[in-house]
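Novice: got a sequence here, can you build the structure:
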Amino acid sequence: MSETGVETKKESPLFTLSGSPVSPGKSGLPVGELRALANDVRSAHPLRGALRHIGNEWVLGIKFPSKVASNHAKFLCFRWDGQFGSALTLTAGDKTGWLARGWIWTRHPAVPILRDTRALTIAVIYRGEPVSVVRLQAFDDRAKSSIEYATDVSTEESRRPRQGLLELDEELAFWETFELSETWKSLLRPVDHLQIGWLSEFRKGLVYACGAVRHGLAAPALSINDKALWDSDEHVCPMDFWNEAILPLAEVLRGDLPVLQFVREHRAGQIMTVIADDGEEKRSRNPFHELRWEIGILAECALLADNRTEYGKQVVFSAFDLKTSTPVVIPTDSLSVVSAGRYWNNLPTIIALGVGDLVTAGMQPADLALIMDQLKAFRLGCDRDEAEAAIATMTEEANILNRWTIPWGARVQTSLGPFTEIDFYSYGNEISIILKTSSGHYRWAAFNLRSANWNFNHIFCNRYESFAQSLDDEPLYEELTLSFQLVLASIVRDFVVLDERESAFAIRRDVVPRGRSIDVDSPRIIYIPRVRYFHAPDTQALNQGLDYESRRPHHVRAHARRTDIASPYQQILAERYGFRLEPGYTFVRPHQRGGIAPDREVIYRSRSAMQSLYGVEASIESNGTSDWFRFERDVHDAMARAGFKVDHVASARNGDAGVDVFAENTTDSEFWAIQCKCYAPKRKIGPAVIRELIGALAEFPAGTRGMIVTTSGYSSGSIELAKKSGIELRLLGLTNSGLRELLVV
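Specialist: Reported below is the predicted structural model:
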C-alpha cells in the first residue's frame, strides 16, 4: 500500500518465456557453432549450461535428460540475489517436474540483450548434441515488466544480503544459487550436495572475516622496524615472508585488500605463522596478538578457498610445519546425499595439524548430529576432582618413566561412546588420535604428552559450531571431556611406560587391513585393552595399584637450569621436550627425585593403569604377537649392552614402523641419532632411508653420528651411500650366545 492508501503494484523477479522448438538446421544458426556450444555444455555443470555468441545473438545451451521432454517443456525464469551477486536461472519442466536448468550471471553480456529484446535463444543439448533451438519470448506486459526488474543491475548492491559485505564472484554465486532454493533438489547429484556444503562453510568464514574488518579492527600499521619482531633465535625474518605474508595480512585487516583475494593468494599455514609465536613475552609484543581470532578465521578461509579445494571436491589439511598442505580427494561415489551435504560441516578445522597424513580418500568425518546422543551418554562415572588428579598424574608418570613408544598407527579396539576404534599417531611430542565409529567414520583429537595439553575440538565441535553451546550445559561438556581424557591418558601411559605391554594389550592381527598399515608387508595389528570400559573408573584402585599418593610428591617436571655450559645431548633432549635453551642454561628432563628406589620403579613399570582403573577382562586372548614391542625392546637392550644410555625414543612420522633413538655413551662424549626399521625380511632398506637420516642430522649438534638398525637388510645402493656419508648400518640379529645384538653390516 502507498501513503495514500492505494495499492501499488509489486514487482516480481519471476517471469515466463515461451516458444516453439525447431531443428538446428532450420534455426538459421550455424550447426558447427551449435555443436561447439554442445561441447561447452558437456564440460559445464549439468545444471548450469553454457552461453555462446553465435551469429548476432547469445545462445544458452541447456542439457536435457531426453529429446522428447524438450519438445513439451515450459520455461520459468527467476532472478536470485545472493551474497556473491545476482544470477538468472531458466528452469525447464513439464507435468512430471523439473527437467533441466540454465544459469546466467547477471553481469554477463547476454543479460542487457535479454532486457532490451525480452527474448532469449536456447539450444537443447541431448547426449552431447544439439537437438533443437527455441527462441523464447515474453508475450505479455507482466512478463516484460518482470524481465526489466529482474535484469536491473543498478539495484544489485541494495538487493544483496548484508548489503554487499562479500565481493562479487561469478563461480561462488553459481553454487550459492542452490542454497537459495530447493527447486532443483531432485536434479542434484551427491557431488553437488558436497559442493553446496562446501560453499556454505566457505561463505560463513568469509562473512565472519569481512564483518570483523567492516566493524573497524585495530589493525596494526607496520614499519620496516617491526620486522624484527618475527626474528627467531637463529634466523632473521625473511624479506619474502615480510612482503608476502605479514604486510598483506595487515592490509586485509585494515580493509585495504579484499578478503576473498587474500585467502586465495595466501596459504593457511602462511597466515597462521604470523601469530605462531614461541613464548608469552613474544606473543605479547606481536602486533597481531589481539586479532588472533580474526586471523584464525582468515586462515580457515584460506584452507577452504576454491582454488585449493576445486570448489569443494577435495579437502586440504595443514601440515605440522605449517608450510605445506596435503590435498585429499573426496570419495564422492561413496557419499550419500545426506552425508555429502554435511561433509564439510563435519571436517576438522585449521588447528587439526597433520590430519592430511592420516586421513585417506575413503575416510569420512563422523556426522556430529548423528553421534550426539551417544556422546552425551558416555559419562565420567567418578568424582571429577579425582579424575583430574588421575589424568595429571598418569601424564606426569608417562613423561618421567617414558621408555617406549606408541607404534605408528596403533589401532586400539575399545568402546568410547560412539567410537569403537582409536588410532594413535605420534609426532614427537604430539599424538594425533583418530577415533572411529562402527561405520569407520572418524573424529580427530590430539594430545601433547610434554605439555599435557589436549585438543578435543573436533570430537565435540564442528567448524563454526560448539558442542558445549549446542548442549547449553557447560558442566556436561566438562564431564565428557574428562571422560575421554581419563581413558586416553591411561592408554597412552600404558603404551610408553609398561615394560610388558602384552599384559595390558591383547594382540589381534587383522586379516583384511583397513586404512594405512603399520607395516605394508603384514596384516594390521589391533591392540585390545584387557579391560571393561563400561565399568565406572576406580580412581582409588589406580592410586593404590600405582602408589600415586606417595610417588606424586617426587615427580619433577622438565625444566631449564642455570649452568656454565650445556652438553650437545642436553640440547637435543631440550628440543625433544619442547624447550628452547637460552645461553647459560641446561636442560633437566622430567624425573623422580629421592625416596623412590630403582627396584620400585620396575614394579610400577609392570602395572597397567587401564587395568587398575577399569578392571581386567580375562576372556580377551591374543591371536598373535606384536613385532613392534619385541623390536623396540631388543633395540633398547642391545644399545644398553653396547654401553649406551637411551634417553629418548620418539615414534617415526612416516608410518614405516620405525623409531628414532637418541643415545649417548657412558662417557658423555658420543651422541647418536638412530633410525630403526622393523621390516619384513624381504623388504630391504633403500637409499631413500639413508638420505632421510642424513637430512635429519642437520638438525642436531655438530658431531652427532647417524645409525640405522633394521630387522631385514640393505640394498647395495644404500650400503654404498651409507659408506660415503658416514652412516653406520646395523642388523638386529642373534649372536652365537642367543642374544639379540646390533650386528655390523
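Novice: only C-alpha atoms for contact and neighbour calcs from this point on.
Specialist: OK.
Novice: please name the nearest non-neighbouring residue to Ser438.
Specialist: Thr420 (5.8 Å; CA to CA, 6 or more residues apart in numbering).
Novice: neighbouring strands for the host helix or strand of the one you found, and are they parallel or not?
Specialist: Secondary structure from DSSP states H and E places Thr420 in strand 419-427. Paired neighbours of strand 419-427 in the sheet (DSSP bridges): strand 410-416 (antiparallel), strand 430-437 (antiparallel).
Novice: point out the most buried one among the ones you listed.
Specialist: Highest mean neighbour count of these: strand 430-437, a mean of 22 (counted as mean count of other CA atoms under 10 Å).
Novice: hmm, back to that, what's the model's confidence in the strand holding Thr420, averaged?
Specialist: Strand 419-427 comes out with an average pLDDT of 91.
Novice: do stretch 492-506 as well
Specialist: 92.
Novice: give me the contacts around that stretch.
Specialist: 394-395, 397-398, 401-406, 527-530, 604-611, 620-622, 629 (CA atoms under 8 Å, 6 or more residues apart in numbering).
Novice: what's the distance between Arg214 and Glu479?
Specialist: 39 Å (CA to CA, to the nearest Å).
Novice: of these two, who's got more company?
Specialist: Glu479 (20 against 13; other CA atoms under 10 Å).
Novice: residue contacts, the more buried one?
Specialist: 379-380, 384 are the contacts of Glu479 under CA under 8 Å, 6+ apart.
Novice: next one: the helix or strand harbouring it to chain centre, how far?
Specialist: In the assignment (DSSP H and E), Glu479 maps to helix 474-497. Computed by CA atoms, centre = their mean, to the nearest Å, the separation of helix 474-497 from the middle of its chain amounts to 22 Å.
Novice: for the remainder of this discussion, apply numbering that starts at 28.
Specialist: Done: numbering now begins at 28, and the last item shifts to helix 501-524.
Novice: just the angle between that helix and strand 446-454, please?
Specialist: 60 degrees (axes from the mean of the first three to the mean of the last three CA atoms, to 10 degrees).
Novice: would you mark the buried spots in helix 501-524?
Specialist: For helix 501-524, the neighbour count (16 or more other CA atoms under 10 Å) marks 504, 506-524 as buried.
Novice: circling back to that earlier point, the residue nearest to Ser465 is in contact with Lys463, isn't it?
Specialist: Yes: between Thr447 and Lys463 there is a contact under CA atoms under 8 Å: 6.1 Å.
Novice: re earlier: now tabulate the contacts of Glu506 in CSV and tack on secondary structure and neighbour count.
Specialist: Shown next, in CSV, are the contacts of Glu506 (DSSP: H, G, I helix; E, B strand; the rest coil; neighbours: other CA atoms under 10 Å):
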residue, secondary structure, neighbour count
Arg406, coil, 19
Leu407, coil, 21
Arg411, helix, 14
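Novice: contact partners for Ser45?
Specialist: 101-102, 162-166.
Novice: just the buried members of those residues?
Specialist: 101-102, 162-165.
Novice: and the contacts of stretch 412-430?
Specialist: 476-477, 479, 509, 512-513, 516-517, 519-520, 523-524, 566, 569-570, 575, 579, 582-584, 616-619, 632, 636, 674-676.
Novice: repeat that for stretch 200-216.
Specialist: 107, 109-114, 125-127, 130, 132, 222-223, 226-227, 364.
Novice: with just CA atoms, put that stretch into PDB.
Specialist: Provided in PDB are the C-alpha atoms of stretch 200-216 (Å, rounded to 0.1, in the frame of the first residue of the first chain):
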ATOM      1  CA  ALA A 200      27.400 -17.100  -6.900                       C
ATOM      2  CA  PHE A 201      26.600 -20.200  -9.000                       C
ATOM      3  CA  TRP A 202      26.900 -22.500  -6.100                       C
ATOM      4  CA  GLU A 203      25.100 -20.100  -3.800                       C
ATOM      5  CA  THR A 204      22.000 -20.200  -6.000                       C
ATOM      6  CA  PHE A 205      21.400 -23.800  -4.900                       C
ATOM      7  CA  GLU A 206      21.300 -22.800  -1.300                       C
ATOM      8  CA  LEU A 207      18.700 -20.200  -2.000                       C
ATOM      9  CA  SER A 208      16.100 -22.700  -3.200                       C
ATOM     10  CA  GLU A 209      15.300 -26.400  -3.200                       C
ATOM     11  CA  THR A 210      13.700 -26.200  -6.600                       C
ATOM     12  CA  TRP A 211      16.300 -28.400  -8.200                       C
ATOM     13  CA  LYS A 212      16.800 -30.800  -5.300                       C
ATOM     14  CA  SER A 213      15.600 -33.800  -7.300                       C
ATOM     15  CA  LEU A 214      18.200 -33.000 -10.100                       C
ATOM     16  CA  LEU A 215      21.200 -32.700  -7.800                       C
ATOM     17  CA  ARG A 216      23.900 -35.400  -7.500                       C
END
